[in-house]
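> Okay, here's the prediction I keep looking at, along with the sequence it came from:
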Amino acid sequence: MHKHTIRSLIIIGVVALALSGCGQKPTDSGPASQGSTPPANGGQTAPPDQKPPAEKEAVSLPIKAYFGDEQATKLVEKEVTISYKDEKDKYMAALQALKNVPQDGKLVPLAGALGFKSAELKDKKLNVDLTVSGEGRLGAPGEKMLLDAIRQTLFQFKEVDAIDILVDGKPAESLMGHMDLPHPIKREQP
């Protein structure tokens, strides 16, 4: 019985000690106690005349995106605005725009079955890696319109001369099994 009482007192003491530290503010009057986090540079603060590097602001860019009409029989061009922070992210933002139909019309997002993994520009060739979900596959006319939508959306960027579409990281003969998928798709010369 005596051992049980001692154990109970020890447990109560440990719990009381743990709870006594909760909710108390530090008594230090340094920068950490004023609600800010300590500087990551070893406790040194920047001189007052120098500001810390600012986070990049998002750039908004109006582009043309392409969707199917209400019956998904023809391609419809809509101006949309994309936002991105780094120049390299604008291609992914443009591709994502193909998945989001503007509110002002009854349009079909042809890219609804696609998951865009990456879009990287190297030597004027944009490498796009994507995945295709099984339930959102289109027939031959829809697949052709989707490829046209991707091509027209991405070729409006003057620095892109070719697009190489990879499915799950690999070159595929076709996106959804109906249309040939060239590697790369080249910009048509006027």
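Looks like it came in fine.

> Go ahead and confirm L181 touches I150.
No. At 10.6 Å, L181 and I150 do not qualify as touching, with contact defined as C-beta atoms under 8 Å. Where you see a C-beta, it was placed from the backbone N, CA and C, and this is true even at glycine.

> so what's in contact with these two at the same time?
Counting by C-beta atoms under 8 Å, 6 or more residues apart in numbering, the contacts common to L181 and I150 are I165.

> helices and strands of this protein: which one bottoms out on pLDDT?
Here the helix or strand of the chain ranked lowest by mean pLDDT, DSSP states H and E is helix 2-21, holding a mean of 54.

> name the helices or strands packed onto the following helix or strand past that helix?
Counting by DSSP states H and E, the next helix or strand C-terminal to helix 2-21 is strand 59-68. When contacts are defined as 3 or more C-beta pairs under 8 Å, 6 or more residues apart in numbering; DSSP states H and E, strand 59-68 sits against strand 75-84, helix 90-97, helix 140-154.

> Next, the angle from strand 59-68 to helix 90-97.
Counting by axes from the mean of the first three to the mean of the last three C-alpha atoms, to 10 degrees, strand 59-68 lies at 40 degrees to helix 90-97.

> show me where pLDDT drops low in this structure?
For the chain, the stretches with pLDDT under 70 are 1-54, 104, 136, 190.

> Show me what the closest residue to A149 other than its chain neighbours is bridged to.
Nearest-residue entry for A149: Y66, 3.7 Å, with adjacent residues in sequence omitted and distances by C-beta to C-beta, 6 or more residues apart in numbering. Listed beta-bridge partners, Y66: E77 (assigned using DSSP bridges).

> and Y66, how far is that from E143?
According to C-beta to C-beta, to the nearest Å, Y66 stands 14 Å off from E143.

> Contacts only, for P109.
P109 neighbours (C-beta under 8 Å, 6+ apart): 67-68, 98-101.

> now G68
Here G68 is in contact with 74-76, 107-110, 142, 145 (criterion: C-beta under 8 Å, 6+ apart).

> Which of the residues you listed are buried? Put it as a PyMOL command.
PyMOL command restricting the contacts of G68 to the buried ones, with burial defined by 16 or more other C-beta atoms under 10 Å:
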select buried, resi 75+76+107+108+109+110+142+145
